[in-house]
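>>> got a predicted model here, sequence first, then my questions.
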Amino acid sequence: MTARAADRARYDRATAHLDAPVAIVDLDAFDANADDLVRRAGGKPIRVASKSVRCRALLERVLARDGFQGIMSFTLAESLWLARSGFDDVLLAYPSADRAGFAELTAHPKPAAAVTVMIDDPAQLDLIDASRADGGEVVRVCLELDTSLRLLGGRLRVGALRSPLHSPGQVAELARAVVRRPGFTLVGIMAYEGHIAGVGDLLAGRPLRSRAIRLMQSTARRELAERRAAVVRAVRAVAPGLEFVNGGGTGSVQHTAAEDAVTEVAAGSGLYVPRLFDNYTSFTGRPAALFALPVVRRPGVGVVTVLGGGYPASGAAGADRLPVPCLPQGLRYDPQEGPGEVQTPLLGAPADDLLVGDKVWFRHAKAGELCERFEVLHLVEGDRVTAAAPTYRGEGHTFL
């Protein structure tokens with residue numbers, strides 16, 4: 001029996017008492033992935049990206065391990081909820097326009113001490129002040145640096161459209177605006193290099209494109225390391241008490257952690273290892289989060305139909321944003337239908353061995369987005385489900 005066939009048998013045994021659709025997290029794989037992230041971080045703490053986990057029990061599990069410290073959240077409402085739940089170090093990774101949330105943040109000392117907000121524009125400070133509703137708590141602020149690689153005099157840009165702050169001078173200017181402004185304290189810098197951390201460099205059947213990606217990423221790493229160090233020097237001259245410099249992501253942990261200017265790295269997807277993280281030369285993880293759909297029809301030879309399955313990931317639409325049927329091996333989508341809202345035909349020789357009621361196991365394209373489809377993650381150890389952990393959705397929260 002192959003390793004993947006053994007995994008399928010194990011997951012089927014563990015969930016035999018559960019009807020599909022069902023989602024699981026293999027805790028042995030989850031913990032092994034956490035250990036690998038710590039190894040790659042080389043002694044620098046890892047801040048867990050909550051959007052890639054979306055389950056409080058698993059956030060607590062990973063933060064209890066050596067090498068992990070703090071959460072990187074994705075909305076202000078989520079940040080405040082986590083602070084109310086006892087998490088005391090939450091970095092909001094994106095600017096917010098949540099006026100009610102800022103009123104709460106500035107009115108109570110506990111969330112104000114626990115949550116750090118992200119800005120890249122003085123207008124965001126204005127919005128926070130206008131939302132205070134007489135709340136006098138000091139707001140912890142982090143500045144986001146644009147990590148994009150700019151070539152040909154800026155005519156060519158590689159990287160996500162995020163912060164407008166690209167140069168050391170621009171970041172230092174905003175740092176001075178924060179330091180001068182009552183009610184705010186500057187505590188951190190964040191720089192997420194998505195074109196390095198979030199782009200695989202080993203594309204099956206595309207050696208030339210893979211080589212081009214590796215060349216781009218190598219160039220981008222060198223440029224960013226020099227610029228990030230200069231930014232940190234410029235900001236520390238304005239705010240000597242800067243507490244952290246955050247960078248990286250699952251795909252670039254070891255490279256970012258090697259920079260002297262960086263004090264912590266961020267990662268989250270590497271705990272679940274969704275399918276978009278199969279194409280990296282720098283690390284190999286173990287798929288830990290999967291979902292199963294039930295076979296409900298057998299329309300003909302070499303085809304079965306499962307219930308549901310239309311769970312595309314965010315990003316530019318394409319086949320790489322679709323879940324992939326992985327167990328049993330050898331199943332594929334019908335190109336005329338793909339994964340559907342209420343049913344999904346699957347083609348391939350393994351279909352003939354599947355019976356109505358059997359489970360087909362899938363991997364989502366991205367990590368935490370799986371949790372928007374399920375209220376519970378069943379936690380598997382060996383061939384047993386040992387616990388059921390509610391997702392954010394299962395706790396009544398859909399923050400975006």
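Noted; the coordinates are in hand. Residues are numbered from 1 along each chain as shown.

>>> correct me, but E243 touches V187?
Yes - counting by Cβ atoms under 8 Å, E243 does reach V187; the two are 4.5 Å apart. Using the backbone N, CA and C atoms, a C-beta is placed for each residue, glycine as well.

>>> each with direction, which strands does the biggest strand by length in the chain pair with?
In the chain, with assignment by DSSP state E, the single longest strand is strand 289-300. If you go by DSSP bridges, strand 289-300 pairs up with strand 22-26 (antiparallel), strand 303-307 (antiparallel), strand 359-363 (antiparallel).

>>> can you say which of these is packed in most?
By mean neighbour count, with neighbours taken as mean count of other Cβ atoms under 10 Å, strand 359-363 ranks first of the strands paired with strand 289-300 at a mean of 24.

>>> the next helix or strand along the chain from that one pairs with which strands?
The first helix or strand that comes after strand 359-363 along the chain, using DSSP states H and E, is strand 376-381. Each strand that pairs with strand 376-381, with its direction, by DSSP bridges: strand 22-26 (parallel), strand 384-390 (antiparallel).

>>> who touches the first one?
So the one you mean is strand 22-26. With Cβ atoms under 8 Å, 6 or more residues apart in numbering as the test, strand 22-26 has contacts from 7, 11, 14-15, 55, 58, 272, 286-292, 359, 370-371, 373-374, 376-380, 385, 389.

>>> for the next helix or strand after that strand, which outside residues touch it?
Heading C-terminal from strand 22-26, the first helix or strand you meet, by DSSP H and E, is helix 27-41. Contacts of helix 27-41 with the rest of the structure, by Cβ under 8 Å, 6+ apart, involve 46, 58, 61-62, 65-68, 250, 253-254, 257, 265, 267, 270-273, 283, 285-289, 379-382, 386.

>>> of those, grab the buried ones for ChimeraX.
The following ChimeraX line selects those of the contacts of helix 27-41 that are buried, judged by 16 or more other Cβ atoms under 10 Å:
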select :46,58,61,62,67,68,250,253,254,257,265,267,270,271,272,273,283,285,287,288,289,379,380
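
>>> looking at the contacts of helix 27-41, which are in strands?
Per DSSP E, strands hold the following members of the contacts of helix 27-41: I46, F68, V265, A267, A289, L379, V380, E381, T386.

>>> dump the helix or strand containing A77 to CSV, keeping only the CA atoms.
According to DSSP H and E, A77 maps onto helix 76-84. Extracted as CSV, the C-alpha positions of helix 76-84 are listed here (Å, rounded to 0.1, in the frame of the first residue of the first chain):
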residue,chain,number,x,y,z
LEU,A,76,-10.2,44.6,12.9
ALA,A,77,-13.4,42.8,14.1
GLU,A,78,-11.4,39.6,14.2
SER,A,79,-8.6,41.3,16.0
LEU,A,80,-10.9,42.5,18.7
TRP,A,81,-12.6,39.2,19.0
LEU,A,82,-9.2,37.4,19.5
ALA,A,83,-8.2,40.0,22.1
ARG,A,84,-11.5,39.4,24.0
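
>>> ok, and what's touching it?
Judged by Cβ under 8 Å, 6+ apart, the contacts made with helix 76-84 from elsewhere in the structure are 50, 56, 59, 71, 73, 90, 92, 96, 98, 101-102, 104-105, 110-111, 114-115, 117, 392, 397, 399.

>>> so which of these are in helices?
Assignment to helices by DSSP state H places the following of the contacts of helix 76-84 there: R56, L59, G101, F102, E104, L105, K110, P111, A114.

>>> tell me the contacts of the third one?
Pointing back at G101 there. So, once contact is read as Cβ under 8 Å, 6+ apart, G101 ends up touching L76, A77, S79, L80, S131.

>>> hmm, try it at 7 Å
The neighbours of G101, taking Cβ atoms under 7 Å, 6 or more residues apart in numbering as the test, are L76, A77, L80.

>>> show me the shaky parts of this structure.
Along the chain, the parts satisfying pLDDT under 70 run over 1, 202.
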